[in-house]
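> Whatever this is, show me its structure:
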Amino acid sequence: MRGGEASSGPAKAKPALYSEDQTEAWRCEEVPSRSVLCPPLVQKLPDGLVHLPDATPKVMLALKAEGVVGEFALVVVGFARRGGRSVPEHRGVVCRQRDARHAHLELEFKLAEEASRKRLRQAAAGWRRVLGLLVKRRELRGRYLDGGKAKAGAGGAACRETPAMTMATAEVEEL
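The predicted structure is shown next:
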């Protein structure tokens, strides 16, 4: 188009330019466990994967056997020399984020159940203690007091309720 003339040919299409906010991030559906699928050094894990630095392979195998976690891969963070050989150093595992969430929720649920069982055991032990004190109180009252009248003890002296017995009785009655 020069000087106001219309071009006779078709207009050239402009190339579509994209920025990071215009494209969707690549989501990894399978855990890369081979060097072919996973580059040796990555700046960031693909979306959908999470690194669990404290998880050990034995724990992950147990979770996999229970069906909580699907796939996982060991994280190689470097190599160490042992016995004249290079041996990979592992630190944690990589697994799918949804599997990690599910495993975390399972663990939280198990911990909450265990805490609940512990509280119930402590409460039952407390009640057994209270009932034991009540039984002991009844035995002592029956042995040493007869309807408010003091019995003669082995030495011939009258046994009376002592201040310590009164305090123990008051504590039990408060409960």
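> Every contact and neighbour count from this point should use C-alpha atoms.
Noted.
> Give me the phi and psi for residue 56.
Dihedral pair for residue 56: phi -100, psi 160, per degrees, to the nearest 10.
> check which helix or strand covers the residue lying closest to it once chain neighbours are set aside.
Using CA to CA, 6 or more residues apart in numbering and skipping residues adjacent in sequence, the residue nearest residue 56 is residue 92, 5.9 Å away. Taking DSSP states H and E as the definition, residue 92 sits inside strand 85-96.
> what mean pLDDT does that strand have?
Mean per-residue pLDDT for strand 85-96: 82.
> picking up where we left off before, contacting residues around the residue nearest to residue 56?
Residues near residue 92 by CA atoms under 8 Å, 6 or more residues apart in numbering: 51, 52, 53, 54, 55, 56, 57, 74, 75.
> By neighbours, which of the residues you listed wins?
residue 74 (21 neighbours; other CA atoms under 10 Å).
> Isn't it up against residue 89?
No - counting by CA atoms under 8 Å, residue 74 stays clear of residue 89, with 9.6 Å between them.
> Tell me how the chain divides into domains.
27-109, 126-149+158-175 (automatic domain parsing).
> and residue 63, how far is that from residue 92?
14 Å (CA to CA, to the nearest Å).
> before we move on, the earlier item: I'd like the contacts of residue 92 written out as TSV, with distance to residue 143, pLDDT and secondary structure added.
Shown next, in TSV, are the contacts of residue 92 (distance: CA to CA, whole Å; pLDDT from 0 to 100; DSSP: H, G, I helix; E, B strand; the rest coil):
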residue	distance to residue 143	pLDDT	secondary structure
51	69	80	strand
52	65	77	strand
53	65	77	coil
54	62	74	coil
55	62	71	coil
56	62	70	coil
57	65	70	helix
74	71	79	strand
75	72	79	strand
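> Quick check: buried residues in the strand holding residue 92?
Across strand 85-96, burial judged by 16 or more other CA atoms under 10 Å covers 91, 92, 93, 94, 95, 96.
> how near is residue 72 to residue 109?
Plainly put, residue 72 is 22 Å away from residue 109 if you go by CA to CA.
> Oh, that last question was meant for residue 96, not what I typed.
According to CA to CA, residue 96 stands 20 Å off from residue 109.
> Among the buried residues of strand 85-96, which one lies nearest to residue 140?
Among those, residue 92 lies closest to residue 140 (CA to CA), at 62.2 Å.
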